[in-house]
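1. sequence and predicted structure, then a few things I'm wondering about:
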Amino acid sequence: MSEFHNPFVRGYRNLRFVRTLLITWEDDSPPVWRPLHPCRAHLPDDEVARFPCLFGADHALITEGQDVPPELEAQHQTDGIVRSVVYAIEGQDFDGKPAHVGDTYSEEAAREVIQRVAFETGVYSRCWEVSAQHISTEAWHYLANLADLATPSAFLFIAFRVPYSPAIGVKLISTPWTDENLALSEGISAAQLRQEHRNKGMPDDLANVLELAGQADVRILIFDGDAPLLPGLPLIES
């Protein structure tokens with residue numbers, strides 16, 4: 001299938017915060033950002049902000065009231081002043097690329113932001129209702145047959161009808177459908193799962209939607225003719 005943005009993807013992975021220092025140095029030089037050296041990690045924010053420091057390529061050292069071993073001083077030779085302490089919230093997109101989510105000005109605030117935006121399994125909703133226009137008539141009948149019979153266990157999903165509604169739902173299993181997770185949970189790759197769907201005659205448009213939903217850790221996906229379109233997900237002309 002062609003590559004495009006996965007409209008099911010929400011949130012970030014591996015969220016964390018990093019205490020960083022905004023440092024000014026020579027008058028005509030732009031400020032720099034550096035984390036504290038691990039040997040100064042115990043210092044509270046009020047013993048860091050507005051204090052003189054030495055910094056190098058990777059870290060900063062608070063110098064006032066602190067002993068600086070010669071070997072560390074040799075690695076941090078630029079004088080500066082810490083103007084502010086910022087807690088940078090970082091994470092990863094679903095493709096593993098690093099992402100800067102935002103900045104806060106206290107550890108407590110950083111932890112609260114992470115708690116709010118971390119889409120942890122069992123905590124946030126992973127149920128989607130999308131328009132049936134995203135799959136073909138052939139795919140709709142294929143899914144209906146699975147719902148009325150028994151979905152093969154190797155498909156890693158269960159199709160079901162929604163009572164008193166023309167909608168058809170799918171419960172996805174062992175998500176997210178990434179190579180790493182599927183290898184741990186099922187001993188297969190994402191490509192092998194996709195091939196299993198092909199081997200059983202699943203229409204490509206349905207396989208595409210399920211693959212995207214599985215990658216994004218969706219657990220319940222409902223197709224309904226009256227549901228809204230999902231921006232970014234292709235429409236299928238039946």
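-> Noted; the coordinates are in hand.
2. can you pull out the strands in the chain?
-> For the chain, applying DSSP state E gives strands covering 13-24, 32-35, 52-55, 60-62, 78-92, 98-104, 127-131, 157-161, 168-172, 220-224.
3. so for D205, which of the ones you listed sits nearest?
-> strand 220-224 (11.4 Å; Cβ to Cβ). Glycine gets a C-beta too; all of them are placed from N, C-alpha and C.
4. ok, and what's touching that closest one?
-> 126-132, 134-135, 140, 143, 162, 165-172, 209-210, 213 (Cβ atoms under 8 Å, 6 or more residues apart in numbering).
5. now the buried members of these.
-> 126, 128-132, 134-135, 140, 143, 167-172, 209-210, 213 (16 or more other Cβ atoms under 10 Å).
6. domains of this structure?
-> 13-117, 127-224 (automatic domain parsing).
7. can you give me the end-to-end distance of the shortest one?
-> This means domain 127-224. Its first and final residues considered, domain 127-224 spans 13 Å by Cα to Cα, to the nearest Å.
8. for it, the averaged confidence score.
-> On average, the pLDDT along domain 127-224 is 94.
9. distance from the chain centre to that domain, please.
-> 21 Å (Cα atoms, centre = their mean, to the nearest Å).
10. circling back to that earlier point, okay if I get the strands of the chain as TSV plus distance to R198?
-> Formatted as TSV, the strands of the chain follow (distance: least, Cβ to Cβ, whole Å):
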stretch	distance to R198
strand 13-24	28
strand 32-35	48
strand 52-55	56
strand 60-62	55
strand 78-92	30
strand 98-104	33
strand 127-131	22
strand 157-161	15
strand 168-172	17
strand 220-224	19
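11. so which of those strands gets nearest D45?
-> For these, distance to D45 was read as Cβ to Cβ. The smallest value, 4.6 Å, belongs to strand 78-92.
12. cheers, nothing more for now.
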